[in-house]
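>>> Output the structure for:
(2 chains)
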Amino acid sequence: MFGHRAAIRHALHVLTDRRTRRSLPVTTTASPAPAQDGLSSVPALLARNATQYGLQTAYREKEFGIWQSWTWAETHDQVRAMALGFLVLGMKQGDYVAIIGRNRPALYWSMVAAQSVGAIPVPLYQDAVAEEMAYVLDHCGARFVVCGDQEQVDKVIEVQETVHCIDEILYLDKRGMRKYDHSHMNWLEDVMREGRAAQTRLEPELNTRIAALGWDSTCVMLYTSGTTGKPKGVVLSNRNIIITSKNSSEFDKLRPGDEILAYLPMAWVGDFIFAIGQAYWTGFCVNCPESAQTMMTDLREIGPTYYFAPPRIFETMLTTVMIRMEDASPLKRRLFHHFMDFARDTGPKLLDGKPVSMMARLKYALGNFLVYGPLKDTLGLRRIRVAYTAGEAIGPEIFDFYRALGINLKQLYGQTEASVFITQQPDGEVRSDTVGVPSPGVEVRIADNGEVFYRSPGTFESYYKNAESTASTKDSDGWVATGDAGFFEEGTGHLRIIDRAKDVGKMADGAMFAPKYVENKLKFFPNILETVVFGNGRDRCVAFINIDLSAVGSWAERNNIAYSSYQELAGLKRVLDTIQAHVEQVNESVAQDKFLSGCQIHRFLVLHKELDADDGEMTRTRKVRRRIVEEKYADLIDALYSDKDGIYTETEVTYEDGRKGVLKATLEIRNAKVFGATADQVAAE
Amino acid sequence: MSGQGEGMRDTVTDEGYMTADGRKIGGVAMEMRNITLRFGGVVAIKDISFDIRWGEIRAIIGPNGAGKSSMLNVISGFYHPQEGEVIYKGYKRPAMRPYQVAQQGIARTFQNIALFEGMSVLDNIMTGRLHHMKANMFQQAIWWGRAAREEAENRAQVEKIIDFLEIQHIRKTPVSRLPYGLKKRVELARALAAEPAILLLDEPMAGMNVEEKEDMCRFILDVNDEFGTTTVLIEHDMGVVMDLSDRVVVMDYGKKIGDGTPDEVRNNQEVINAYLGVAHD
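Residues are numbered from 1 along each chain as shown, chains lettered A, B, ... in the order given. Below you'll find the predicted structure:
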């Protein structure tokens, strides 16, 4: 049902919506740069943790059905052994070490071990195909590649046909590796064993190299996923990572003894900040799941206290809960719905520390005993103190569901170039439509064209071997362009992101036109799969809509409505009525926003086919190609801006086997009710 | 991944031989001498002789009704042939009772999955460890000392197999809820749990889609590679057999019509006739 918004976007960028609600004063604390205690590198933090939190658990991984664990002291020992092993293999300062695999403690250690010898870790996406990997490995000139298992080794060997910089391949999982040529290949265990054997000889060298690390040495290089053009290598220094980790850990009062589940791609900046930056700064425990498929079970077993997930995961969890509740006994179902309806209002208030009557408190406590507690327990979210979501817009009803349960789910806005944090929501000021206030130490300003700029201690050093892009993204004063358009809400000081800056335009009367903002609101309805809003340079907005075949189809099934094709279903009067109600509901909420009230949809039609990557209308990651859609369906747009109430159209389609066909349809055009722009209403709220 | 057995090898000697990809195949593990098996008047197997060597992947192929499954049952000791003898580990094997069959270190999977549907994957695989458990009923009942210790040891062994076959995510799932391909994998896991000297696979790829077949192939090769398990398999899918096995026995109407490397078998006229059919005039 929610699958259509599936693709995780690794570049963090949050689009939100919904009406303005309340205004609370904001306190932003800018913290000074702490070059204290010689803690200016990750290996230095590790050494501190080994003495300070020596016997506390640093890592856990489920293997062979049991949670295996390592204390900070053991971790320190393992990382040092690995670093010594790297020295034995001849790793030099400034070498690039690529790391490819799923989240496992030993792979995290290999990053810190590489840092210890003065090399630079470059984690890669494990699901990347060989050719994507080839570009990155060649671009950074990786001499060493640490692979999780045989699958990754095979890809690297394939890459080696074209990329010749790789000297050594190391691997973690021995399975299936027996037959490979090991002249330039090593099992990580062997490397550590050799490192231990060479301890006396190489320890002084290792200590010298660790001591040489400082604020300005590169901590990690992360490649942005690159929706446009080739991936860029973002160079982040120790200063970037450690100050950002310190600030953000203090912001959310993270502490040793916190638990996280590391399951997001290691190549993503968030994973590096959470599982290395904040974990090493704070000294909390990183748990690695057994395999990708067991993530949900492992989540439940661990019960993390600090959690991050993209909106898609929260959506999936909610859908699962709803489906399972449908199958529950009538009593349980009634209890669930009764208490959830109650919690929707009271839960968030309690979380935000707002006044709640004694009766409501008592009822919430009862609900917690009967419904919320057990549910949170099943989801593995019972112990959560802080949870974040980011990456794209999260539906308000999804967001509210978790808040209602008493889970402190918040939003943040960030990107790789900022070491994640640009803005985040402080406790007590959480809403689904903003991305919060500037994170500690971060300055944010809005340019005249609405684009968001930031400057922070986490601001990246440069793009590797790409001075041109560096210069065009980061100016000499250190301000970085995010490429997103947004504005600060008056009164609360919260940032709201509207759209990608390049998509934001002006209506004929000069009002702001932000199509994505409206589209996201529409897409929160399960019945709507995709939508394209037009209106740049025009006097009013119109929209194309794709219905969601699974959601609308199951509705049709439940209501005994027969249909034979997508086209027929999309043209049914009752379907159009439903969609029209959705559009008008969105118009009503858009009208509340004085900046964007001009973006209300005056007329719309439901397309006779789904927008499809095979027809070039979308990218493979399911993002609409606005310009192509605009050209291809010019006749429909003209009709929307005329006063016709229907149009006959023929569209060429490409079938999956590459054959072409023509789809003919007469589409009904509907007028939607629009609402007056109402600054008053904002004030009244 | 594939490519095993495609190349040439030295002549088979008692000391074994090297495969093209450098695996060492050992001496004779089991020898079938002039086996004839009858069910009443039906002669299922007629005077067949061949050997199985330590560490090799040996395939038995043939059209429907050729007597392949009967042959597998003879190898496992479940059927006792009326004529001929089975030499296992250098000794002639007598007729055995079922429990003796189980104890001799030969484990198998079945053509039609034979798992305990109501039990979890983990429990099913644990049953494969039964003959490694020595605790008596009383010790099991009070769950103290030996019984608990054995359970933990065997569970550790089973977990290694679960990890090896990548079925961690279904560890606690009842078998009845699994799709066919996974059930086959669970069956393989149970057979492996017995730590067999010889592993018999009865049509491990039957009814699978291409992806599942590829997975299963990889697991069979990995098992052979990792544990050095001698594997005997029956399979219909010729492509799979040729890629997977070191040596192939071809049967037709209960008789052996070919024996050798996949290449030799592929070029054997009698085999071609049996598979493609010949004009009878």
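>>> For chain A, what lies in contact range of chain B?
Within chain A, the positions near chain B by C-beta under 8 Å from any C-beta of the partner chain are A:63-66, A:175-176, A:178-179, A:290-291, A:293-294, A:297. Every C-beta, even on glycine, is put in place using the N, C-alpha and C of the backbone.
>>> Of the residues you listed, which belong to strands?
The subset of the residues of chain A next to chain B located in strands under the criterion DSSP state E comprises A:63, A:66.
>>> Of the residues of chain A next to chain B, which is the most crowded?
The most crowded member of those, judged by other C-beta atoms under 10 Å in any protein chain shown, is A:E290 (22 neighbours).
>>> for residue 167, phi and psi?
Going with chain A. Dihedral angles phi and psi of A:D167 (degrees, to the nearest 10) take the values phi -100, psi -40.
>>> Next, count neighbours for it.
The number of residues packed around A:D167, counting by other C-beta under 10 Å, is 14.
>>> what sits against the residue lying closest to it once chain neighbours are set aside?
Using C-beta to C-beta, 6 or more residues apart in numbering or on different chains and skipping residues adjacent in sequence, the residue nearest A:D167 is A:R143, 4.8 Å away. Under the criterion of C-beta atoms under 8 Å, 6 or more residues apart in numbering or on different chains, the contact partners of A:R143 comprise A:91-92, A:95-97, A:165-168.
>>> what do you get for A:V629?
Residues in contact with A:V629, defined by C-beta under 8 Å, 6+ apart, are A:532, A:544, A:611, A:617.
>>> Kindly indicate which of those lies nearest A:V356.
Top of the list for closeness to A:V356, among the contacts of A:V629 and by C-beta to C-beta, is A:V532 at 42.7 Å.
>>> in the sheet, who's paired with that closest one?
The bridge-partner assignment for A:V532, based on DSSP bridges, gives A:F544.
>>> that older thread, just the ones in strands from the contacts of A:R143, please.
When DSSP E is applied, the contacts of A:R143 are split such that A:96-97, A:168 fall in strands.
>>> got a markdown table for those residues, with pLDDT too?
Listed next are the ones in strands among the contacts of A:R143 as a markdown table, based on pLDDT from 0 to 100:
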| residue | pLDDT |
| --- | --- |
| A:Y96 | 96 |
| A:V97 | 96 |
| A:E168 | 94 |
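>>> Among those, which one is most surrounded by other residues?
Result: A:V97 is most packed of those (other C-beta under 10 Å), 26 neighbours.
>>> Across the sheet, point out what pairs with B:F39.
B:V42.
>>> In three-state terms, label the closest residue to B:Y180 other than its chain neighbours for me.
Setting aside the residues directly before and after it, B:Y180 is nearest to B:G207 in space (C-beta to C-beta, 6+ apart), at 6.1 Å. Here B:G207 is recorded as coil under DSSP: H, G, I helix; E, B strand; the rest coil.
>>> Ok, A:T649 next?
Per three-state DSSP, the local secondary structure of A:T649 is strand.
>>> burial measure for it, as a count.
A:T649 has 16 neighbours, counted by other C-beta under 10 Å.
>>> Also A:Q425?
Residue neighbour count, defined by other C-beta under 10 Å, stands at 22 for A:Q425.
>>> Also A:D216?
12.
>>> That one sits in which helix or strand?
Using DSSP states H and E, no element contains A:D216; it sits outside every helix and strand.
>>> Residues in a beta bridge with the residue nearest the centre of chain B, which ones?
Among the residues of chain B, the smallest C-alpha distance to the mean C-alpha position (C-alpha atoms, centre = their mean) belongs to B:L200, namely 1.5 Å. With beta bridges defined as DSSP bridges, B:L200 has these partners: B:R108, B:V232.
>>> residue contacts, it?
By C-beta under 8 Å, 6+ apart, the residues touching B:L200 are B:72, B:75-76, B:106-109, B:191, B:231-233.
>>> Then B:I113?
With contacts taken as C-beta under 8 Å, 6+ apart, B:I113 has the following neighbours: B:180, B:183-184, B:187.
>>> quick check, it in a helix?
No - B:I113 is assigned coil when assessed by three-state DSSP, not a helix.
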